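Participant: Provided below for reference: sequence and predicted model.
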Amino acid sequence: MQIFKPTFILDPEIIRANISFMAGKADREGVQFRPHFKTHQSVMIGSWFREAGVTKITVSSLSMARFYALAGWNDISVAFPVNLAEIGLINDLTAKVSLGVLVEDSAVLARLIRELRHPVDLWIKIDCGYHRTGLQIEQTDEILKISRMAVNSPLIRFKGILTHAGHTYGAPGPDEVKRIGAESIEYMIRVKALIKEYGECLISIGDTPSCSLLESFSGADEIRPGNFVFYDLMQLYQGSCNFGQIGGIVACPVVAVHPGRNQAVLYGGAVHFSKDRIKVGGREIFGQIVLLNGNSWSDPWPGAFLVSLSQEHGILEGDESLIARLSPGQILGVVPVHSCLTANLMRGYHLKDGQPVDHMQGI
């Protein structure tokens, strides 16, 4: 495969192994596996989940739900609060598939009830500590009001409560991830107890770090991890995965070499990787360098990182031995900090044998 510009390369064996790992874990723990497809956004990769027995999925937008409905998926949850401007699209989708939506506001639910044309699955979004969206347990009156409205509406199928413990991504290591994950489930159990009078209430949890590291999901009914399909540098340094589980790298051409400052410039910038960063050894980095070996890639080159990004440029900093072997036109691999944003920006992939892979944004 000839590479002329930044190209996201996937290792299908690693990705299939990641899918099998998480599907098997969900099966052993007796929870529903509803993976989040926002990371890969691909029909082909979605088919690999089907092969692992997955029948229910999560997406991050109604347009993504429509994309996967057209690909044959018929049980889809949208893990994003209902956008009132898209009620028409909700009605279009609920005429064709089983659609799950999130609310955290009784006024939003009231309008949804008024304008719905077909049944919809409803989840109440709960904030278990991330403080992005959702209701907290102290907002008991609103939780109860939404629950009451849901069970009394003929077009609402009340499913339960849903959370995303996104604060696990900022945890310094595995022990803290597991602590946050366990506390989140306990929090959801407490919320569930508030609305027990309204019948069955499922608990849905979501983040990749805790789903990767928790030994038990006791109390939860469903898990919705997404990033695990590729993993990335953030998960590696946090301890949520090992390097052998990282399923994709971005191949970038070298366009300039500056031996005097132990740097090189790659064609690969913020429009390819995003500005997401992590701290390694006290410095902020945007990716780590690997060497391409035919149809695969090496372990990370020690101390070689992307240290700066502008729109198209990426500044690589490494030791003298790495810089000495580089020349313009060479292709290097970069392990992204955040595979979800990188995949969305790249809008397509190639398998390591060169086969192209579809992406929602590239169709």
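Facilitator: It's in. Residues are numbered from 1 along each chain as shown.
Participant: which parts of stretch 100-120 are buried?
Facilitator: For stretch 100-120, burial by neighbour count (16 or more other Cβ atoms under 10 Å) applies to 100-106, 108-109, 112-113, 116, 120. Backbone N, C-alpha and C define where each C-beta goes, glycine included.
Participant: and what of stretch 72-85?
Facilitator: Under the neighbour-count criterion of 16+ other Cβ under 10 Å, stretch 72-85 has 73, 76, 77, 78, 79, 80, 82 buried.
Participant: repeat for stretch 256-264
Facilitator: 257, 262, 263, 264.
Participant: The third one and residue 304, how far apart?
Facilitator: Translated: residue 263. Distance, residue 263 to residue 304, using Cβ to Cβ, to the nearest Å: 10 Å.
Participant: Name the residues contacting each of these two.
Facilitator: 316, 317, 318 (Cβ atoms under 8 Å, 6 or more residues apart in numbering).
Participant: and the first one, what does it touch?
Facilitator: Residue 316 is in contact with 263, 264, 265, 266, 289, 304, 305, 306, 307, 332, counting by Cβ under 8 Å, 6+ apart.
Participant: for the first one, which residues make a bridge with it?
Facilitator: By that I understand residue 263. residue 258, residue 317 (DSSP bridges).
Participant: what's near enough to touch the nearest residue to residue 310 once chain neighbours are set aside?
Facilitator: What sits nearest to residue 310 in space, not counting adjacent residues and going by Cβ to Cβ, 6 or more residues apart in numbering, is residue 269, at 5.4 Å. The contact partners of residue 269, by Cβ under 8 Å, 6+ apart, come to 309, 310, 311, 312, 313, 314.
Participant: next one: phi and psi at the third one?
Facilitator: Just to be clear, that refers to residue 311. The phi/psi pair for residue 311 (degrees, to the nearest 10) reads phi -60, psi -50.
Participant: re the thing from before, which two from the buried residues of stretch 256-264 end up farthest apart in space?
Facilitator: 257 and 262 (10.0 Å; Cβ to Cβ).
Participant: List the residues that are in contact with both of those two.
Facilitator: residue 323.
Participant: helices and strands around the longest helix along the chain, which ones?
Facilitator: In the chain, taking DSSP state H as the definition, the longest helix is helix 174-194. When contacts are defined as 3 or more Cβ pairs under 8 Å, 6 or more residues apart in numbering; DSSP states H and E, helix 174-194 packs onto helix 140-151, strand 156-162, strand 202-205, helix 208-213.
Participant: For those, give me CSV that also has distance to residue 325.
Facilitator: Formatted as CSV, the helices and strands packed on helix 174-194 follow (distance: least, Cβ to Cβ, whole Å):
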stretch, distance to residue 325
helix 140-151, 60
strand 156-162, 50
strand 202-205, 46
helix 208-213, 35
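Participant: okay, the ones you listed, which one's buried deepest?
Facilitator: Of all the helices and strands packed on helix 174-194, helix 208-213 has the most neighbours on average by mean count of other Cβ atoms under 10 Å, namely a mean of 27.
Participant: Next secondary structure element downstream of that helix?
Facilitator: Once the chain leaves helix 208-213, the next helix or strand it forms, by DSSP states H and E, is strand 222-223.
Participant: any idea how far that following strand is from the chain center?
Facilitator: Distance, stretch centre to chain centre, for strand 222-223: 14 Å (Cα atoms, centre = their mean, to the nearest Å).
Participant: mind listing what that strand pairs with, with the direction of each?
Facilitator: strand 32-33 (parallel), strand 202-205 (parallel).
Participant: Which one of those strands lies nearest to residue 237?
Facilitator: Set against residue 237 and scored by Cβ to Cβ, the strands paired with strand 222-223 come closest in strand 202-205, at 22.9 Å.
Participant: which outside residues touch that closest one?
Facilitator: Contacts of strand 202-205 (Cβ under 8 Å, 6+ apart): 34, 77, 123, 159-165, 181, 184-185, 188-189, 192, 211, 217, 219-224.
Participant: quick one: which of the contacts of residue 269 has the most company?
Facilitator: residue 314 (26 neighbours; other Cβ atoms under 10 Å).
Participant: what's in contact with stretch 270-284?
Facilitator: Contacts for stretch 270-284 (Cβ under 8 Å, 6+ apart): 6, 233-234, 237, 250, 252, 285-288, 305-307, 309-312, 314, 334, 336-338, 341-342, 345-346.
Participant: picking that back up, return the set of buried residues in the longest helix of the chain.
Facilitator: So helix 174-194, judged by 16+ other Cβ under 10 Å, has buried residues 176, 177, 178, 180, 181, 182, 184, 185, 187, 188, 191, 192.
Participant: okay, those residues in CSV with distance to residue 68 and pLDDT next?
Facilitator: Output for these, formatted as CSV (distance: Cβ to Cβ, whole Å; pLDDT from 0 to 100):
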residue, distance to residue 68, pLDDT
176, 33, 98
177, 29, 98
178, 31, 98
180, 29, 98
181, 27, 98
182, 31, 98
184, 27, 98
185, 27, 98
187, 30, 98
188, 26, 98
191, 29, 98
192, 29, 98
